[in-house]
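*Asks:* pasted the sequence and its predicted model underneath.
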Amino acid sequence: MEKNKHFLVGIFGDQDDLLHGVEDIRKKGVKIYEVFTPFPVHGLEHALGYQRSWTPKAAFMFGFLGTCLAIIMQVGMMVIDWPMVIGGKPYLAIPDFVPVTFELTVLLASYGMTLTFLFVKGYLPHKVPRIFDIRATDDKHVMAIDLANNSLSEEQIRSILKDVHAEEVYRRDFTDEENQSSFIKYVVDLFTNGVTRSSRIAHHR
Amino acid sequence: MQIVSEVREPLVTGGKTHKDVTEDICKQVEGAPSPAWLASLAASLLALGVGGYYLGDMLWNGIGRWGLNKSVQWAWDITNFVWWVGIGHAGTLISAILLLFRQKWRTSINRAAEAMTIFAVICALFWPIAHMGRPWIGPVWAFPLPNTYGSLWVNFNSPLLWDVFAIGTYFSVSLLFWYVGLVPDFATIRDRATSKISRLMYGILSLGWDGSAKSWMHYEAVSLILAGLSTPLVLSVHTIVSFDFATSVIPGWHTTIFPPYFVAGAIFSGFAMVLTLMLITRKVYHLEDYITIEHIEMMNIIIIVTGSIVGIAYTTELFIAWYSGVEYEQYAFLNRSTGPYWWAYWSMMTCNVISPQLFWIKKIRTSLMWTFVLSIVVNIGMWFERFVIIVTSLHRDYLPSSWTYFIPTMHDVGTYLFTFGLFFTFFFLFAKFFPVINMAEVKAVLKESNSKVYRARRTLVNEPLPSLEETVVEKEA
């Protein structure tokens, strides 16, 4: 079986059922591909065994870059390139450079971190997401299990999912084209086949 | 009967489920525009048009069209600037500071408050650019760009330049924070969209958000860091705005109390504006279950606190003027309260110091009508505060021969009207096309079993409700 194409999808209604379900399923040796939730469920990242987010480090590095750039800019302009006596102050009036340095630190830290996050995770305007179940942005938690990644059979995983109170369990297959859908193709498809029949949600239940 | 439960009043009432949240909020975006909305938008566009005429005339002929004179060179322009910046302080305070303090009640109001912040900051940014007289070359003066004057740079010793960086950063970061918060909700609307255009547009806006657990983990970390960065940013912005005055040597401006006093005033007027707009939105969109009386009471309590800080600041200013023994300082404050602008000073005192104290009475702070009226009164008061600080400190300088009295012209009023048109046009467009409540965050504070908790509470307070089976059947159907 090819990887990343054949999934078993479990639907959970309540976030506590989901959290316990994730823990129990992982204890039974089933590898979870990903869980899709309509809102952040606290503790889910621990249950899934994810490492801590790297984004705060990115924020620090961009912030530090902002601090350095702000100091270089102000000192370069006010002290090196064109020194002027303003109100009898020294050329290198360090307290006066604090506000702009602070603002540029915040500006670069926040934009640097957020844009890095969006670029690295591929959240860009032209991205066509692969949707397992359309209710994942509404009120259901959707657990996807890659069948090719697990040694257990489909039937075994199906019964495990039922055991942990998944409301629904069904199989979801993606074609190569669906896995790498381009924005242009998606738009053409949307406008020729209409909203309900476009590739993004053709299989939604 | 008295409330006997230890359980707090739920943040969202009415026993809403996650599905209900999606339905209630998306309904506003998906439905056809209501006649009331069209009328409101038309009124805003009219204000924009009429104000635009005066603005155009002012730009063509110069700022001499305003009532400025040889002594009062800053009047309504900078008053309006500070006023709008102040209004733009509540949104980021709600979304950043209250996030850090884990105040979950903010989830129902943060979206609209942040939107209001962004639109208010746009209106604020308009004023310093407009008051340059030749706004088309404004960016050349304000930004450190290479230029033809032998690379003469901008002056980093000047608080006016700090302002450019502070407000520019504040606007950019607030916009980013707001947009990041909108992404999951755009994905919800995208997945429900029935028309091709809206599916495509909300698809682009949602950046292909899929709600995966890993992304939510990063997203939560990003939100927390953005909140941590925005918190000192909010406090820095109005501090730096107050430096515009405090670092000068004009009596009445040259005081070290300005930064905390301006920040408190900004939060005060920002919350008042949030209340004015939220009470209308709540009524029109039937969001009574999301923005409950408890939310309104919380905001009113913040208004009492910040209003009292403002009151103490006014008193401290008077005391320090007397205690300093500086004749000019003393005259500036005596002139404020008893000089030709006494009416502005006492309007400010009544609206800002006395009126919010009414919120100590529980009946008043939980009454919609009182809250609505007082929220407008507070913003009138805060406009007068800036007018008093700016105009009364300038109109009588050291030379009695140059003492003047500022009288606004139609162009002052018209340009002010223009910014109102701008603000409300943006706000009404937002209220129609964007989700006015942060669905993902409200769902996160709403336990699926909320309906059961709600029922349990109602049973405790002896209010009859349909049987549990009936409600469950209704929800499933």
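*Replies:* Sure, I can see it.

*Asks:* longest helix anywhere in chain A?
*Replies:* If you go by DSSP state H, chain A has its longest helix at helix A:94-120.

*Asks:* now find how far off-centre the helix or strand following that one is within its chain.
*Replies:* As assigned by DSSP states H and E, the chain's next helix or strand after helix A:94-120 is strand A:141-146. With C-alpha atoms, centre = their mean, to the nearest Å as the basis, strand A:141-146 stands 16 Å off its chain's centre.

*Asks:* ok, now stretch B:122-131?
*Replies:* 16 Å.

*Asks:* and what of stretch A:132-143?
*Replies:* Distance, centroid of stretch A:132-143 to centroid of chain: 15 Å (C-alpha atoms, centre = their mean).

*Asks:* do the same with stretch A:100-119
*Replies:* For stretch A:100-119, the distance to the chain centre is 18 Å (C-alpha atoms, centre = their mean).

*Asks:* one more: stretch A:105-122?
*Replies:* Distance of stretch A:105-122 from its chain centroid, counting by C-alpha atoms, centre = their mean, is 13 Å.

*Asks:* does that stretch come close to chain B?
*Replies:* Yes: interface with chain B: stretch A:105-122 contributes A:Val106, A:Leu107, A:Ala109, A:Ser110, A:Tyr111, A:Met113, A:Thr114, A:Phe117, A:Leu118, A:Lys121, A:Gly122 (C-beta under 8 Å from any C-beta of the partner chain). C-beta coordinates here come from the backbone N, C-alpha and C atoms, glycine included.

*Asks:* and the closest residue to the last one other than its chain neighbours, what does it touch?
*Replies:* Right, A:Gly122. Leaving aside its chain neighbours, A:Gly122 sits nearest to B:Gly208 (7.2 Å; criterion: C-beta to C-beta, 6 or more residues apart in numbering or on different chains). If a contact means C-beta atoms under 8 Å, 6 or more residues apart in numbering or on different chains, then B:Gly208 has A:Gly122, A:Tyr123, A:Leu124, A:His126, A:Lys127, A:Val128, A:Pro129 as its contacts.

*Asks:* which SS state does the residue lying closest to the third one once chain neighbours are set aside fall under?
*Replies:* With C-beta to C-beta, 6+ apart as the criterion, A:Leu124 has its nearest non-adjacent residue at 5.9 Å, and that residue is B:Leu207. With DSSP: H, G, I helix; E, B strand; the rest coil as the basis, the three-state label of B:Leu207 is coil.

*Asks:* can you pull the phi and psi angles for the residue of chain B found nearest chain A?
*Replies:* Nearest residue of chain B to chain A (C-beta to the nearest C-beta) works out as B:Gly208 at 2.9 Å. Note on B:Gly208: backbone dihedrals following degrees, to the nearest 10 are phi 70, psi 30.

*Asks:* ok, A:Lys127 next?
*Replies:* Per degrees, to the nearest 10, the backbone of A:Lys127 is at phi -70, psi 130.

*Asks:* OK, contacts around the spatially most central residue of chain A?
*Replies:* With distances taken as C-alpha atoms, centre = their mean, A:Lys121 lies nearest the centre of chain A, 5.3 Å away. By C-beta under 8 Å, 6+ apart, the contact list for A:Lys121 reads B:Lys214, B:Ser215, B:His218.

*Asks:* name the nearest residue to the last one, sequence neighbours excluded.
*Replies:* It refers to B:His218. Per C-beta to C-beta, 6+ apart, closest to B:His218 is A:Ser53, 4.7 Å.

*Asks:* give me the secondary structure label for that neighbour.
*Replies:* Once three-state DSSP is applied, A:Ser53 turns out coil.

*Asks:* and the gap between it and A:Met61?
*Replies:* The gap separating A:Ser53 from A:Met61 is 14 Å, by C-beta to C-beta, to the nearest Å.

*Asks:* between those two, who's got more neighbours?
*Replies:* Between A:Ser53 and A:Met61, counting by other C-beta atoms under 10 Å in any protein chain shown, A:Ser53 is the more crowded of the two (20 against 15).

*Asks:* dihedrals phi and psi, the more buried one?
*Replies:* Note on A:Ser53: backbone dihedrals following degrees, to the nearest 10 are phi -60, psi 140.

*Asks:* cool, A:Asp173 as well?
*Replies:* Reported as degrees, to the nearest 10, the phi and psi values for A:Asp173 are phi -110, psi 140.

*Asks:* ok, it - how many residues close by?
*Replies:* The burial count for A:Asp173: 10, using other C-beta under 10 Å.

*Asks:* who are the contact partners of the residue nearest to it when sequence neighbours are not counted?
*Replies:* Excluding its sequence neighbours, the residue lying closest to A:Asp173 (C-beta to C-beta, 6+ apart) is A:His6, at 5.3 Å. For A:His6, the contact set (C-beta under 8 Å, 6+ apart) comprises A:Asp146, A:Leu147, A:Ala148, A:Arg171, A:Asp173.

*Asks:* the nearest residue to B:Gly62 once chain neighbours are set aside: what secondary structure?
*Replies:* Leaving aside its sequence neighbours, B:Gly62 sits nearest to B:Gly133 (C-beta to C-beta, 6+ apart; 5.8 Å). Three-state secondary structure (criterion: three-state DSSP) places B:Gly133 in coil.
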